[in-house]
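Trainee: Output the structure for:
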Amino acid sequence: MNPLIVLNDVKKEYPMGRTIVHALRGVSLALEKGRYYSIVGPSGSGKSTLLHILGCMDIPSHGEVWINGQKTHGLNERDRTRMRARDIGFVFQAFHLNPILTVRENVAIALQFLGVGKQEANRRATDWLERVGLGPRLDHYPSELSGGERQRVAIARAVVKQPTLVLADEPTGNLDSITGGGIIALLREVNRLAGTTIIQVTHDREIAARSDAIICLRDGVVVD
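Mentor: So this is what the prediction gives:
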């Protein structure tokens, strides 16, 4: 089976004053399609940097990144933006919902950005919101939802366009343990039903243990 994601000797360096910060020091990985991965490691180990490179939000200083057979390390900003919109869904710790849009509108806008008509976008948004248990909340605003409900909206928004890959950055970080456990169960269900590859960053070892594989980072390198 061809891997969905391949990283070859990926390095990322940031200038900080007169010094150079080595966020990633040569990461090589091959990640399979349809699996659920967790990236763990101490603060400053390079977890978020790796996620940003996988999500085409940043580019490596050195090395190669391939997603679904497409080279991403040489793309310009316009092409990276297009790939993010089409092929990658994001779930953030802070939800990043638009406060002036309803729940349905927050999800539908991901499709409208791709050129899907408003009526069809609303239909698909409704379908996914019902799947994540928010059918009765379609016309509510984010401020009227609990933290767990807002994260469910964010998950629906991430998967409504049927992306190849979903990246989750500390998706349970702002939630209590019970609500957070429910969010991970929902992500696992999306992974199982839609076959979507999911990669999450987490500091919680119990959350990470529920994934198919764990990538351990320390000082910018994979240690396990």
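
Trainee: residue ranges of the helices in this structure, please?
Mentor: Ranges of helices in the chain, per DSSP state H, are 47-54, 77-87, 103-112, 118-131, 147-159, 177-194, 205-208.

Trainee: what residues does the fourth one touch?
Mentor: The contact list for helix 118-131, computed with Cβ atoms under 8 Å, 6 or more residues apart in numbering, reads 103-105, 107-109, 111-112, 116, 135, 137-138, 152-153, 156, 159-160. In this view, the C-beta of every residue, glycine as well, is placed from N, C-alpha and C.

Trainee: Neighbours of residue 165, how many?
Mentor: A count of nearby residues for residue 165, using other Cβ atoms under 10 Å, gives 23.

Trainee: can you pull the contacts of it?
Mentor: Residue 165 makes contacts with 4-5, 54, 67-68, 87-89, 196-199, as judged by Cβ under 8 Å, 6+ apart.

Trainee: Name whatever forms a beta bridge with the residue most central in space within the chain.
Mentor: Against the mean C-alpha coordinate of the chain, by Cα atoms, centre = their mean, the closest residue is residue 167 at 1.5 Å. For residue 167, the beta-bridge assignment (DSSP bridges) gives partners residue 90, residue 199.

Trainee: any idea how far it is from residue 48?
Mentor: In this view, residue 167 and residue 48 are 11 Å apart by Cβ to Cβ, to the nearest Å.

Trainee: again with residue 220
Mentor: In terms of Cβ to Cβ, residue 220 sits 12 Å off from residue 48.
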